[in-house]
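1. sequence and computational prediction follow.
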Amino acid sequence: MTRNFFDRLPPVEPSTLVGFSGNSLDRRSEARNESTFAAALADPTARVYLLRGDEAMIRAGGATESLFSLKEAKALGAAMDDAILLGWENSAPRIAAIVGSDTSFDVDAFHAVPLRTLAINAFSGSILADTVEPATLGALAQARALLHWHAANRFCGRCGTRSTMAMGGYRRDCPNCGLQKFPRTDPVAIMLAVDGDRCLMGRQARFAPGTYSCLAGFVEPGETIEDAVRREIQEEAGIRIGRVAYHASQPWPFPMSLMIGCIAQAISTDIVPDTEELEDCRWFSRDETRAMLDGEHPDGLSTPPRMAIAHTLIRAWVEGG
Ligand SMILES: [Zn+2]
């Protein structure tokens, strides 16, 4: 009998269950040339996503909409000289631009909503104001991450000359030494360590009261994802880890990370928390964790909201073993 490698995977790809995934834009990054961006701007179907720091501009009221015409974008003070071409949606160009934080606008007509709030609302299961479609969240995450990358990479890393945007925002070129730089994303390992029927969660002081979550940290140069998981849990909780299994990933545009979610097998149980990082860290039984996920914990303890990959990891372990 032929064994199918994919039979052991979950029927629904777990990364589709998190906020900021589901980006359906056709990026065509390999097919772009120097005239692509000008052609996109001249296309009457082109629309613009407007970002203001970690906030997205959306139309207020009724059907929430986050796409603006070029004319509207300019009227709202968008910096179109630094705009980037995200890709195409059914052949219609999708552009992203920054609106200055000091820009004034009609607050009855437009809202500036934090991307986190949009994601929480989109995955809340309720009809809320200031909500966008999950696919739109993906495009906004791409926009936020790319705009940040350009803002943080204005100069050539080799010779220090001011670099210029190319390929509609998919490259920066140095006019002096010719160095080409491509947009980067920062990998972060986020993991739920488990010991049989209990899991390890911690809380940072900045978390909402009562919220516990997975541990996480940047993957360092020269490290596998599995090694990063083992190192982070050892550093933050003093727990030794054996096997590590990848589960899901999440674009996380604060400012430009990719969260790589794993389940990790604990092989020691005595917690030695890093008190610089964590306010508390402890083991939770499966039943207690389920109550936290469902908002039914007797002491009001909870997990991150559904849109967060931490929620997806915790739920996968609670429900799947
Ligand atoms: Zn240079």
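-> Right, received. Where do you want to start?

2. which helices and strands sit right next to the helix or strand hosting Ala119?
-> According to DSSP states H and E, Ala119 maps onto helix 115-122. Helix 115-122 is packed against strand 55-59, helix 134-151, with contacts defined by 3 or more Cβ pairs under 8 Å, 6 or more residues apart in numbering; DSSP states H and E. C-betas here are computed from N, CA, C, even on glycine.

3. number of nearby residues for Arg172?
-> Applying other Cβ atoms under 10 Å, we find 23 other residues in the vicinity of Arg172.

4. shaky segments in the stretch 51-200 of the chain?
-> Applying pLDDT under 70 to the stretch 51-200 of the chain flags the ranges 62-64.

5. the ion contacts on that one?
-> With Cβ under 5 Å from the ion as the criterion, the stretch 51-200 of the chain meets the ion at residues Cys156, Arg158, Cys159, Thr161, Cys174, Asn176, Cys177, Leu179.

6. what's the burial count for the last one?
-> This points to Leu179. Other residues within reach of Leu179, judged by other Cβ under 10 Å, total 15.

7. so who does the closest residue to it other than its chain neighbours touch?
-> Excluding the flanking residues, the one nearest Leu179 by Cβ to Cβ, 6 or more residues apart in numbering is Arg158, at 4.8 Å. By Cβ atoms under 8 Å, 6 or more residues apart in numbering, the contact set of Arg158 is Cys174, Cys177, Leu179.

8. is it true that the last one touches Gly160?
-> So the one you mean is Leu179. No - with contact defined as Cβ atoms under 8 Å, Leu179 does not count as touching Gly160 (10.7 Å).

9. who touches the spatially most central residue of the chain in this structure?
-> Against the mean C-alpha coordinate of the chain, by Cα atoms, centre = their mean, the closest residue is Trp252 at 1.6 Å. Applying Cβ under 8 Å, 6+ apart to Trp252 gives the contacts Phe20, Ala141, Val188, Leu258, Met259, Ile309.

10. go through these and flag which are in helices.
-> Ala141, Ile309 (DSSP state H).

11. re earlier: what about the helix holding Ala119, distance to the chain center?
-> Centroid separation for helix 115-122 versus its chain: 11 Å, with Cα atoms, centre = their mean, to the nearest Å.

12. kindly export it (C-alpha atoms) in CSV.
-> Taking Å, rounded to 0.1, in the frame of the first residue of the first chain, the C-alpha atoms of helix 115-122 are listed here in CSV:
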residue,chain,number,x,y,z
LEU,A,115,-4.2,46.7,12.3
ARG,A,116,-4.4,44.5,15.5
THR,A,117,-8.0,45.8,16.1
LEU,A,118,-9.0,45.0,12.6
ALA,A,119,-7.6,41.5,12.9
ILE,A,120,-9.3,40.9,16.3
ASN,A,121,-12.6,42.1,14.9
ALA,A,122,-12.3,40.0,11.7
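
13. identify the residues contacting it?
-> Contacts of helix 115-122 (Cβ under 8 Å, 6+ apart): 19-20, 54-56, 58, 128, 130-134, 137, 140-141, 144, 253-254, 305-307.

14. what's the longest strand in this structure?
-> strand 241-252 (DSSP state E).

15. any idea of the mean pLDDT for that strand?
-> Throughout strand 241-252, pLDDT has a mean value of 98.

16. and the nearest residue to Pro253 once chain neighbours are set aside, what does it touch?
-> With sequence-adjacent residues excluded and distances taken as Cβ to Cβ, 6+ apart, Pro253 is closest to Arg144, at 3.8 Å. The contact partners of Arg144, by Cβ under 8 Å, 6+ apart, come to Leu51, Asp54, Leu115, Pro253, Phe254, Pro255, Met256.

17. any quick ChimeraX command for the buried ones out of these?
-> The buried subset of the contacts of Arg144, as determined by 16 or more other Cβ atoms under 10 Å, is captured in ChimeraX by this line:
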select :51,54,115,253,256
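
18. out of the contacts of Arg144, which is nearest to Pro10?
-> Pro253 (25.1 Å; Cβ to Cβ).

19. ranges for the helices of the chain?
-> Along the chain, counting by DSSP H, helices occupy 36-42, 70-75, 115-122, 134-151, 225-237, 286-293, 309-320.

20. how about those in JSON lines, adding distance to Leu86?
-> Converted to JSON lines, the helices of the chain look like this (distance: least, Cβ to Cβ, whole Å):
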{"stretch": "helix 36-42", "distance to Leu86": "10"}
{"stretch": "helix 70-75", "distance to Leu86": "14"}
{"stretch": "helix 115-122", "distance to Leu86": "15"}
{"stretch": "helix 134-151", "distance to Leu86": "5"}
{"stretch": "helix 225-237", "distance to Leu86": "27"}
{"stretch": "helix 286-293", "distance to Leu86": "34"}
{"stretch": "helix 309-320", "distance to Leu86": "22"}
